[in-house]
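> mind looking at a prediction? Sequence and model below.
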Amino acid sequence: QVQLVESGGGLVQPGGSLRLSCAVSGRTFSPSAMGWFRQAPGKERDFVAAISGAGWTAYYGDFVKGRFTISRDNAKNTVYLQMNSLKPEDTAVYYCARAPVISVSARDYEYWGQGTQVTVSS
C-alpha cells in the first residue's frame, strides 16, 4: 500500500510564496514519476507539474509560466512544489500523485494524496 501525504498549504497574500511537500510511504519501488494537480471549487482537476523518477525531466501546466518549480528528494521519498508569485486564481486544493512514468494526464496516476488547501487572498 502506498500513501501520499501533502503538507504546506495555507493562506497567502497575492504575490507571496508557498512550498508544498508530499511524503510518500508504504510499499515503494524504484522511484516513480510524481505529479501535482489542483482543483478549485466547481472546476475540473488541472495538471500543475510532474517530475520523472530520477528528477531529470519536468513538465508544467501552461498557467505556471515560470512561477512554480517541482523537485524531489528520493532519499526522503518526498516531492516538493515551490510556488512563487501566487495569484488569487491559484486558490485550489492541491493534490500530489504517483505514476509509473511521467505524465500530464490524471488518468495515468495510480495513487493520490488527500490534498492540501492553498488560498491566495488579501
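Thanks, I have it.

> distance of residue 49 from residue 65?
12 Å (CB to CB, to the nearest Å). C-beta: built from backbone N, CA, C; applies to glycine.

> who has more neighbours, the two?
Each of residue 49 and residue 65 has its neighbours counted (other CB atoms under 10 Å); residue 49 has more, 24 against 9.

> and the closest residue to residue 105 other than its chain neighbours, how many neighbours does it have?
Nearest residue to residue 105, sequence neighbours excluded (CB to CB, 6 or more residues apart in numbering): residue 47, at 7.4 Å. Counted with other CB under 10 Å, the neighbours of residue 47 add up to 20.

> my guess is residue 47 contacts residue 107. True?
No. Here residue 47 does not reach residue 107: they are 11.0 Å apart, not a contact under CB atoms under 8 Å.

> what score does the spatially most central residue of the chain have for pLDDT?
The residue lying closest to the centre of the chain (CA atoms, centre = their mean) is residue 36, at 2.5 Å. Residue 36 is assigned 98 on the pLDDT scale.

> quick one, strands of this structure?
2-7, 10-12, 18-26, 33-39, 46-51, 58-60, 68-73, 78-83, 92-99, 111-112, 116-120 (DSSP state E).
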